[in-house]
Each structure stands twice: as structure tokens, then as C-alpha cells.
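Peer 1: here is my input, please return the structure:
(one chain, ligands or ions: 1)
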Amino acid sequence: MSGLRIDHVSWGVGRRLIVDGVDCTAPAGAVTGLCGPNGSGKSSLLRLVGAIRTPAAGVVRFGEDDLTTMRRRDRARTLALVEQDAHTDLPLLVGDAVLLGRTPHRAPLAGPTDADHAVAAAALARAGAAGLADRDVSTLSGGERQRVHMARALAQSPDLLLLDEPTNHLDVAARLETMRLVRSLAAGGITVLAALHDLDLAASACDHVVMLAEGRVVTAGPVDEVLVPDVVEKVYGVRCAVLRHPRTGRPVLAFDLE
Ligand SMILES: Nc1ncnc2c1ncn2[C@@H]1O[C@H](COP(=O)(O)OP(=O)(O)OP(=O)(O)O)[C@@H](O)[C@H]1O
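Peer 2: Take a look at the predicted model:
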């Protein structure tokens, strides 16, 4: 099991620094939530970790490996990134889209094996999308598409799972189901870093939270230490009380409209 370490990573556009000297970790086998207001740099940071963007400064390490300089194929076996609202207009069956997740595990130009088909089918089932295998991806609803993207990521068999708003389009039951899946993946040894808008969901599902504002880490650590009224007020400018869930004992944020 390896943990993720983001060391002094910066990235910008023109003269604007969008990710500004970010230092944080996502421990192995845990769910780390990446929180912060709109435009605070969550997606940009995930794309830097996923090597879709190259940091202007800093290093992203997974275990001993530098993800930025790792060979593309090795990286695709190591990490999977599920982006926000990723979609395609190309005609593509769900089953084939999920099979694409197996590409880095096959010899170049080799077709999918029976084992690849079995992994893809298991990934679809685990993501709650087994019934969608024969559908065209472009015809799916937002929530269905989100499940398929999760299935494709699972088919990749990653050690590091990067999720950008994985519950965006989901109803409450599906949201909880997704976070339950994410927690069970972490319990199985996968390192998870997930951008989450919903602080209550982060409170109930994350072990650790990194709180970003304006491209910088405001605070990071165990969920109980980060999702506290002072931090929420400082970062979002809203007041809340932190209660305890009567059964789980986990924090529950009660926002103050007054
Ligand atoms: N390629 C780009 N060119 C110019 N500005 C960009 C680019 N990518 C991101 N930004 C800007 O950087 C800031 C951070 O964007 P980012 O998408 O990382 O934030 P976020 O925290 O994920 O936001 P949200 O919660 O709204 O999804 C935003 O102001 C965005 O407009």
C-alpha cells in the first residue's frame, strides 16, 4: 500500500497561480476528501496528480514513485482519474468503454482477454451499472454516466483513485452507495483522493480532509480536526455547528441560515 504525497506543487495560467505551493498527503488505504469553495483549485490539483497537467513546480509522489515522470503506461496501471462531467459524443457501448480501462494491463495491440472481460463485468457490477453494459454511453443520464466512469476506473485496477465530485449527479441513495463503495475500496488498500463539494458527505465518508482556498491548503488532517466551525467559517464565510451522528458518532454539519 502506498500513500500519495503532494510536495509544494504549483500550476497556473498566464500570471495567475491556480494551485499555489500545495503540500498535502493522502494516506494509503484511506479516503481523503479534497474540499474548498468553487474555483479553489480542487479539479486543477486532481489533474496535476493525475498528470493530465504538468506542475510548474513541485513533485507528486505515490509511494517512492514520482507520478509526473513515470512512464504513461505505468501511470495508467497505478492511478485512475474520474473527472467531473466527463462525457463523449462518440458512439461507444458502455461495456466497451469499461473494457478500455483494461488497456494499460494488456500487451500493445492485443485484444481484450476473457480475464479482461471478467474484470470489466465485475467493475460494472461493483459500480451498480451492470444493467447498462449494452447501452450507448452518449444516451445515459448524468448519474448513469457517473457510474460507468467509476466502473471504467475500477476496471483499471488502480492503487490510487482520484475522483472529481463522484456524487455530483446522484440521488441520495446513489450518493451513499458510491461513498460506501469508495470506502470499501480504501479498506481494500486503495488510496483515494476525492474532490467533494458536500461537506456533510465528506464528514460522513472521509478519513482525512484537505481544505483548499484560492489554490492553497488552509488546513489538512483527520476529518474531525478539519471540518470544524472555525475552518468552515474562515473558508466559506458561513456559520455551522458540528453535531455528532447518534449512531456512527461521525461529525454532522448543521448550517446556520440566520
Ligand atoms: N485552463 C484554465 N485556464 C484558465 N483558468 C483556469 C483553467 N483551469 C482552471 N482555471 C481557473 O482556476 C480556478 C480553479 O479551477 P478548478 O476547476 O480547479 O476549481 P474547483 O475548486 O475544482 O472548482 P469547482 O468547485 O467550481 O469545480 C478557477 O477560477 C478556474 O476558472
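Peer 1: is Q156 in contact with T78, as I believe?
Peer 2: No: between Q156 and T78 there is no contact under C-beta atoms under 8 Å: 9.2 Å. For glycine as for every other residue, the C-beta is placed from the backbone atoms N, C-alpha and C.
Peer 1: the two: who's more crowded?
Peer 2: Legend: neighbour count by other C-beta atoms under 10 Å for Q156 and T78, higher for Q156 (24 against 19).
Peer 1: pLDDT wise, what is the more buried one at?
Peer 2: Looking at Q156, its pLDDT reads 95.
Peer 1: now do the contacts for it.
Peer 2: A76, R77, A80, G101, R102, P104, H105 (C-beta atoms under 8 Å, 6 or more residues apart in numbering).
Peer 1: what's the closest of these to the ligand?
Peer 2: A80 (18.2 Å; C-beta to the nearest ligand atom).
Peer 1: which residues of the stretch 1-150 of the chain lie near the ligand?
Peer 2: Counting by C-beta under 6 Å from any ligand atom, the residues of the stretch 1-150 of the chain close to the ligand are V13, I18, G36, N38, G39, S40, G41, K42, S43, S44.
Peer 1: following element in sequence after the helix or strand V192 falls within, please.
Peer 2: Per DSSP states H and E: V192 is located in strand 191-195. Following strand 191-195 in sequence order, the next helix or strand is helix 199-205 (DSSP H and E).
Peer 1: ok, and what's touching that next one?
Peer 2: Contacts for helix 199-205 (C-beta under 8 Å, 6+ apart): 31, 33, 35, 167, 175, 179, 182-183, 196, 209, 223, 227, 232, 242, 245, 248, 250-253.
Peer 1: likewise stretch 12-26?
Peer 2: 3-11, 32, 41, 44-45, 48, 55-58, 191-193, 208, 210, 212, 214-217, 220.
Peer 1: next, the buried residues of that stretch.
Peer 2: By 16 or more other C-beta atoms under 10 Å, the buried positions in stretch 12-26 come out as L17, I18, V19, D20, V22, C24, T25, A26.
Peer 1: now, among the residues you listed, which is nearest to the ligand?
Peer 2: I18 (4.0 Å).
Peer 1: adjacent strands (with direction) for the helix or strand hosting that closest one?
Peer 2: Under the criterion of DSSP H and E, I18 resides in strand 16-26. Sheet pairing of strand 16-26 (DSSP bridges) gives strand 4-13 (antiparallel).
Peer 1: so for the strand it pairs with, mean pLDDT?
Peer 2: Here the average pLDDT along strand 4-13 is 97.
Peer 1: and if you look at stretch 85-105?
Peer 2: 85.
Peer 1: got the contact list for it?
Peer 2: For stretch 85-105, using C-beta under 8 Å, 6+ apart, the contacting residues are 73, 76-77, 80, 112, 116-117, 119-120, 123-124, 129, 132-138, 140, 142, 145, 148-149, 151-157, 168.
Peer 1: if anything else comes up later, I'll come back, but that's it for now.
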